[in-house]
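Asker: sequence first, then the predicted structure:
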Amino acid sequence: MTKRNLALIYGGDSAEVGISILSGRNVSRYIDRSKYNVYHVLLKGASWQVVEASGDGTESNPEAGLTGLAQVDKNDFSFTYRGKKIKFDLAMIMIHGTPGENGVLQGYFEMMGVPFTTSSSAVSASAFDKQICKALLRDFGFKLAPDVTLRKGKGFSVTCIVNKLGLPLFVKPCSGGSSFGVSKVMKEEELEEAIMLAFRHSDTVLVETYISGREITQGAYMDGEKIVALPVTEIIPHNSFFDYEAKYNGLSDEICPADIDPIKVEEISATTRSIYDCLGCKGIVRVDYFLCDDGSVVFLELNTVPGMTPMSLVPQQIRTAGLDMMQVITGIADNT
């Protein structure tokens, strides 16, 4: 069997670059080398560099042990090393944020006819923009928190927002992840500062009514023709919400599987599979919800390139399900 040349792409141009690199380096362990020649590609702006990865990176230095070998030729998605030209057969995208989660990189691969492991450019772009994603899911009938959308350069009234949505509120950039620029607002006088913070990360800001309930999340992926919903995780942040510190610095309790009635778990799983199917997702995704006291499941957001570091939520869920990480990751490449 001829092995395929797989480009494992990480890095990117957002504040999530470090998490992306650590995710990619972790995923590399679970790609079957009997099927694939795996090449690490560190993407930063116009630089797409094939690198040799030695050892593990750290949160403080995710690029530790990365040595540049050659630049990628974007004209045909190949590189030349020691006089030999190697053309990639497929791309495994592990970039959080731009350009790997917002559809930009997917558009390049679609144009080049190169298969890739994530959702299409249209689905990725729609899911990355929280306001557009909510608008699509609202049309499908999913339960969502009431919200107001603000655009940079357009005026807004703090009082009008509070009168419409009440308090507390969540303020978040429409584009972005890892909770960068996200604030929980308890008082009206805190709202303008929270909006300005969110505008530093995106030209569009979403202000949402605070939903009281248990924060839960669930990964899903396509196994052949079947959408697999992973075990549900409940997140209990030590801070007021699941921010960056809670996600990546251990300031949360992550209970997997969540202590939820099995009938409710199946309802959540059915919702996750339905969102995956309705939006036309591909590869591994993660859907975040609030489970309210009345039993309703409120959609929070969809991550089309979720974190895949050893401590990230989806790898935890894969382990809890008793699945083989290599079979899951390699299977996604096989189905690409």
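Answerer: Perfect, I can see it now.

Asker: identify each buried residue in stretch 326-334, please.
Answerer: Buried residues in stretch 326-334, counting neighbours by 16 or more other Cβ atoms under 10 Å, are found at V328, I329, T330, G331, I332, A333. C-beta: built from backbone N, CA, C; applies to glycine.

Asker: actually stretch 194-212, not the one I wrote
Answerer: 194-195, 197-199, 201-202, 204-211.

Asker: so which pair among the residues you listed is furthest apart in space?
Answerer: F199 and I211 (23.0 Å; Cβ to Cβ).

Asker: narrow the buried residues of stretch 194-212 to those in strands?
Answerer: The members of the buried residues of stretch 194-212 that map onto strands under DSSP state E are T204, V205, L206, V207, E208, T209.

Asker: out of these, flag the one nearest to I284.
Answerer: Once Cβ to Cβ is applied, the member of those that ends up nearest I284 is L206, at 24.2 Å.

Asker: which residues sit against stretch 135-154?
Answerer: Under the criterion Cβ atoms under 8 Å, 6 or more residues apart in numbering, residues 126, 131, 134, 156, 161, 164-165, 170, 174, 195, 199, 203-211, 271, 274-275, 278-279, 290, 296-300 lie in contact with stretch 135-154.

Asker: tell me, how many residues neighbour the nearest residue to L43 once chain neighbours are set aside?
Answerer: Distances taken as Cβ to Cβ, 6 or more residues apart in numbering place G11 nearest to L43, at 4.4 Å, with adjacent residues excluded. If you count neighbours by other Cβ atoms under 10 Å, G11 ends up with 29.

Asker: for the host helix or strand of C278, output the C-alpha coordinates as PDB.
Answerer: Using DSSP states H and E, C278 falls within helix 262-279. Only the C-alpha atoms of helix 262-279 are listed here, as PDB (Å, rounded to 0.1, in the frame of the first residue of the first chain):
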ATOM      1  CA  PRO A 262     -29.100   8.800  30.800                       C
ATOM      2  CA  ILE A 263     -32.300   9.900  29.100                       C
ATOM      3  CA  LYS A 264     -31.100  13.500  29.100                       C
ATOM      4  CA  VAL A 265     -27.700  12.500  27.900                       C
ATOM      5  CA  GLU A 266     -29.300  10.800  24.900                       C
ATOM      6  CA  GLU A 267     -31.300  14.000  24.200                       C
ATOM      7  CA  ILE A 268     -28.100  16.000  24.300                       C
ATOM      8  CA  SER A 269     -26.300  13.500  22.000                       C
ATOM      9  CA  ALA A 270     -29.300  13.600  19.600                       C
ATOM     10  CA  THR A 271     -29.000  17.400  19.600                       C
ATOM     11  CA  THR A 272     -25.300  17.300  18.900                       C
ATOM     12  CA  ARG A 273     -25.700  14.800  16.100                       C
ATOM     13  CA  SER A 274     -28.500  17.000  14.600                       C
ATOM     14  CA  ILE A 275     -26.400  20.100  14.700                       C
ATOM     15  CA  TYR A 276     -23.500  18.200  13.100                       C
ATOM     16  CA  ASP A 277     -25.900  17.000  10.400                       C
ATOM     17  CA  CYS A 278     -27.900  20.200   9.800                       C
ATOM     18  CA  LEU A 279     -24.800  22.400   9.300                       C
END
